[in-house]
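**Student:** Generate a structure from the sequence data that follows.
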Amino acid sequence: MKKAWLVLGVLVLVGCASLVREDLQALFGPSDPTRFDVPTKPTANLLYHRDVQPILDQRCVVCHACYDAPCQLKLSSWEGVARGASKEPVYNGTRLLEAEPTRLYIDAPNASAWREKGFFPVLNEHRQTPAAELQAALLSRVLDQKAKHPLPADKPVSDDLDFSLNREQQCVAPEAFQAYEEKNPLWGMPFGLPALNAHEVFTIKQWLAQGAPYEGAVPLPPALHRQVQQWERYFNGDSLRERLVSRYMYEHLFIAHLYFKDDSASAGNRRFFRMVRSATPPGLPVREIATRRPFDDPGVARVYYRLLPVEESISVKSHMPYELSEARMARWNALFYSSDYQVSALPAYSPQIAANPFLTFRDLPSRARYRFMLDEAQFTIMGFIKGPVCRGQTALNVINDHFWVFFIDPDKLPESAADFLKRESRNLALPAERGSQVLAPAAWYAYAKDERRYLQDKSAFLDAAFAPPAAGPDISLFWNGEGQNPNAALTVYRHFDSATVLKGLNGGTPKTAWLFDYSLFERLHYLLVAGYDVFGNIGHQLNTRLYMDFLRMEGEYNFIAMLPSSQREAVRDRWYRAVGSDVKDLVFGKYAYFHRETAIPFKGSEPPEKELMGMLKQRLQTVLPREHALTGIRNAPTRQVLGELAELRGNALAWMPEVSFLRIDEEDGFETVSLLRNAAHLNVAQLLNDARTLVPAEFSLDVLNGYVGAYPNAFFHIQSAQLPAFRQALSQLRSEADYRALVSQFGVRRTSPNFWALSDTLNADYARRAPIEAGLFDYNRLENR
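**Tutor:** Okay, the predicted model is just below:
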């Protein structure tokens, strides 16, 4: 009976909703889904690239980019606007069946093809009259809604607006917009942010009224076109060795934004490219091969590696710049073409082979592969954060909030290391071999057995390699970047469900560190970048998360093995509180062990892990960048107070968000620093109940010069004279009310009339500071407090 009443209630609600549905077909004629397959040319007085896209960038793309754009509406290019929106979320950690990929530019060629995949328009696809162009276009309607229902200024928004990432999205089609607006008047766009100004609204509406015209992609200058041709020749050599090397490069660079070192364009006009697999060779139009993964069977006899211009606006959260130059080509030639080795046959694309790089590329020298990744280590590790995993707390709660990363020097590896890896290749299988739709528990148990076997074999191998009369490992085992590469050590910051990777050793000394060898480095990439399918089912996502546990523990094991033997287990226990021996044995114990004594001279004046990190910081000081160091702050009093701010520890920080940008106005300009709240955990080895492992008394704050993080949670804007008061107020936070008072005095809320002015200033300043690395910040994680 209850079920019957429920069904009746739903039918009544649907019926009521239908009463306010607009019959756009009756008003403006039938819909034509092919209307924007080919854009109309603009008039001279209004150009898309010059007039429209800059407004979309600064006001819309800051929320509508990447896979986590609400309703998959990507406004970072005309093609994204024409594609429209979808009610199907990309991020869904509970789906039982894999989803169909919906990658812009890849999985459908035009707007009408996207309609067949369930996307609905945000532009008018009815009769082309001035009234229809505005009334039937969602972009126009949501701007009108915001104008009619502005948010209260400088106050937290009511609970009617849900800002959580996993909120139920309201992806309303044009016909249902009237009902949507009546039910949710404050949900106009930009969602939960101030309205566009009059000039911006006028420009967008004028463009819509003209039929959303588009002049087409900006053509490449002849000099860049020649470089594209040069690199496409390089990537498409005919020998088996060249084809295998190019396949390896592609599977590591497919998410890169490639750029040419000698591109003479100004920062805002620099062109980036993506490397794709094409069914057509250089000289013919690119016919991109769309597969879920870069190593999936392409279905053609031969693939060609081509370069396509990136047509979307650049957002920090997905921007992975990678330089191509004459020096780069010479370096790759030295790595892969100067030594004498044979490639007698190309590897298959079967999942068990293609998903395992130790099988696929076993004919390529492992030391060359390792150096290829080391040369741009930040790029490689950043891939699992900025690549397919645009967001995901479940994927990232496997790492600590702040840790340092070091690398084993490839020249210090035993000569037998390459043969060892070949013998172990079957134990190094990765979840992607099972595809995107898997039964989770059975698969994970198989990988857990493989990992235990590999750790035991690796431990025995290392014991033998450092057995007397050989000396134990010394500090020279740590790669120093050949004295010139700033990738020699990295810092990783986790911001709950996103993260940042920086060159150098930033912030205070962290609790943990990872030491990478080649096998760990390669598996990280093939687990979370090349092999991860964001459209996969719950089994695929769960297997990936559980396997990542193994990689974290192995990186920590490598580092712990460098410590005095008598203290290794004690360090492990400090890093893994409140877990059982089954977990600890994978970090250092039954499966992961090293019986040889270190040759590193420890003094014992502090915990050994801290002492070793200090020694490494000293060893690498000449090669590591210091762009985020507070020494770059010009004003001495400001610099001193910021240093004091960075010393804050404990419970007060529990009220702070993960990432805040603080603008400090000085007499001669302004400084911007990033406030990074590092949560402390008993351990990060638990899949669920992350909050139960928190230790607020051990929270810390790092204050870094410049911009760190793609997703700011809060903005603060003060005069330099206010900095001591800001520090004092922050140190005394005891409640949510205290934090709201802090924001009221020093912050710029998402509802502030000054929000967009500050946003524009910070985005422009970041582009000035880092013209290659910079992009638009993303506001999907802005707090509402």
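**Student:** Give me the domain ranges for the protein.
**Tutor:** 2-209, 218-346, 377-622, 630-769 (automatic domain parsing).
**Student:** Nearest to Pro365 among those domains would be which one?
**Tutor:** domain 218-346 (6.1 Å; Cβ to Cβ). All C-beta spots, glycine's among them, are computed from the backbone N, C-alpha and C.
**Student:** Now do the closest one, average pLDDT.
**Tutor:** Mean per-residue pLDDT for domain 218-346: 95.
**Student:** same check, this time on stretch 503-522
**Tutor:** 97.
**Student:** again with stretch 749-761
**Tutor:** Per-residue scores along stretch 749-761 average to 97.
**Student:** for stretch 39-58, same thing?
**Tutor:** Mean predicted confidence for stretch 39-58 is 94.
**Student:** The helix ranked longest in the chain packs against which elements?
**Tutor:** In the chain, taking DSSP state H as the definition, the longest helix is helix 440-465. Packing contacts for helix 440-465, counted by 3 or more Cβ pairs under 8 Å, 6 or more residues apart in numbering; DSSP states H and E, involve helix 417-424, helix 538-560, helix 581-587.
**Student:** tally of neighbours for the closest residue to Val623 other than its chain neighbours?
**Tutor:** Nearest residue to Val623 in three dimensions, chain neighbours excluded: Gly481, at 4.8 Å (Cβ to Cβ, 6 or more residues apart in numbering). By other Cβ atoms under 10 Å, 20 other residues sit near Gly481.
**Student:** Next, work out how far apart Gly481 and Glu597 are.
**Tutor:** Distance, Gly481 to Glu597, by Cβ to Cβ, to the nearest Å: 27 Å.
**Student:** quick one, helices of the stretch 251-400 of the chain?
**Tutor:** In the stretch 251-400 of the chain, the segments counted as helices under DSSP state H, counting those that start in this stretch are 326-336, 351-354, 357-360, 366-375, 377-386, 393-396.
**Student:** same thing with the stretch 101-250 of the chain?
**Tutor:** 111-116, 130-135, 138-148, 177-183, 198-209, 222-235, 240-253.
**Student:** pLDDT averaged over the first one - what is it?
**Tutor:** Just to be clear, that refers to helix 111-116. 98.
**Student:** tell me which residues in that helix are buried?
**Tutor:** Ala111, Ser112, Trp114, Arg115 (16 or more other Cβ atoms under 10 Å).
**Student:** quick revisit: ok, and for the longest helix of the chain, which residues are buried?
**Tutor:** Buried residues in helix 440-465 (16+ other Cβ under 10 Å): 440, 443-444, 447-448, 450-452, 454-455, 458-459, 461-462, 465.
**Student:** follow-up on the earlier one: my understanding was that the residue nearest to Val623 contacts Leu620; is that so?
**Tutor:** Yes: here Gly481 lies in contact with Leu620, judged by Cβ atoms under 8 Å, at a distance of 7.4 Å.
**Student:** overlap in contacts of these two?
**Tutor:** Shared contacts of Gly481 and Leu620 (Cβ atoms under 8 Å, 6 or more residues apart in numbering): Ala488.
**Student:** residues in contact with stretch 371-384?
**Tutor:** 248-249, 252, 255-256, 320-322, 331-332, 335-336, 405, 407, 410, 479, 485, 487-488, 490, 492, 501-503, 516, 518, 521-522, 524-525, 527-529, 532.
**Student:** Could you pick out the buried ones from these?
**Tutor:** 248-249, 252, 255-256, 320-322, 332, 335-336, 405, 407, 410, 479, 485, 487-488, 490, 492, 501-503, 516, 518, 521-522, 524-525, 527-529, 532.
**Student:** and the residue nearest to Val623, what is it in contact with?
**Tutor:** Asn487, Ala488, Leu620, Val623.
**Student:** Please apply the same query to Ala432.
**Tutor:** So Ala432 contacts Arg293, Pro351, Ala355, Tyr526, Leu527, Ala530, Gly531, Tyr532, Asp533 (Cβ under 8 Å, 6+ apart).
**Student:** tell me the SS of Leu97?
**Tutor:** coil (DSSP: H, G, I helix; E, B strand; the rest coil).
**Student:** if I look at the residue lying closest to it once chain neighbours are set aside, how far off is Phe550?
**Tutor:** Distances taken as Cβ to Cβ, 6+ apart place Asn537 nearest to Leu97, at 5.7 Å, with adjacent residues excluded. Distance of Asn537 to Phe550, given as Cβ to Cβ: 21 Å.
**Student:** again with Gly508
**Tutor:** In terms of Cβ to Cβ, Gly508 sits 28 Å off from Phe550.
**Student:** same thing with Trp78?
**Tutor:** 44 Å.
**Student:** Could you do Glu215 as well?
**Tutor:** 51 Å.
**Student:** Spell out the residue ranges of the helices in the stretch 601-750 of the chain.
**Tutor:** 608-619, 636-645, 723-731, 736-746.
**Student:** Just name the most buried of those helices.
**Tutor:** helix 608-619 (a mean of 18; mean count of other Cβ atoms under 10 Å).
**Student:** how about it as CSV, C-alpha atoms only?
**Tutor:** C-alpha atoms of helix 608-619 as CSV (Å, rounded to 0.1, in the frame of the first residue of the first chain):
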residue,chain,number,x,y,z
PRO,A,608,66.3,9.0,12.2
GLU,A,609,63.7,9.7,9.5
LYS,A,610,63.9,13.4,10.3
GLU,A,611,67.7,13.3,10.4
LEU,A,612,67.8,11.6,7.0
MET,A,613,65.4,14.1,5.5
GLY,A,614,67.6,16.9,6.8
MET,A,615,70.7,15.4,5.3
LEU,A,616,69.0,15.0,2.0
LYS,A,617,67.8,18.6,2.1
GLN,A,618,71.3,19.7,2.6
ARG,A,619,72.7,17.4,-0.1
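**Student:** which secondary structure elements does it contact?
**Tutor:** Using 3+ Cβ pairs under 8 Å, 6+ apart: helix 608-619 touches strand 402-407, strand 512-516, helix 538-560.
**Student:** Repeat the analysis, applying 10 Å as the threshold.
**Tutor:** strand 402-407, strand 512-516, helix 538-560, helix 568-575 (3 or more Cβ pairs under 10 Å, 6 or more residues apart in numbering; DSSP states H and E).
**Student:** before we move on, the earlier item: adding distance to Tyr766 as columns, could you present the helices and strands packed on helix 440-465 in a markdown table?
**Tutor:** Below are those laid out as a markdown table (distance: least, Cβ to Cβ, whole Å):
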| stretch | distance to Tyr766 |
| --- | --- |
| helix 417-424 | 41 |
| helix 538-560 | 30 |
| helix 581-587 | 38 |
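**Student:** Same list, these, but as JSON lines with mean pLDDT please.
**Tutor:** Below are the helices and strands packed on helix 440-465 laid out as JSON lines (pLDDT from 0 to 100):
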{"stretch": "helix 417-424", "mean pLDDT": "93"}
{"stretch": "helix 538-560", "mean pLDDT": "93"}
{"stretch": "helix 581-587", "mean pLDDT": "95"}
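**Student:** for those, which one ends up most surrounded?
**Tutor:** It is helix 538-560: most buried of those by mean count of other Cβ under 10 Å, with a mean of 23.
**Student:** OK, contacts around the residue nearest the centre of the chain?
**Tutor:** Of all residues in the chain, the one closest to the mean position by Cα atoms, centre = their mean is Lys386, 1.8 Å from it. Residues near Lys386 by Cβ atoms under 10 Å, 6 or more residues apart in numbering: 66, 255, 315-320, 379, 498-501, 529, 710.
**Student:** I'd like to know how far it sits from Ile255.
**Tutor:** In terms of Cβ to Cβ, Lys386 sits 8 Å off from Ile255.
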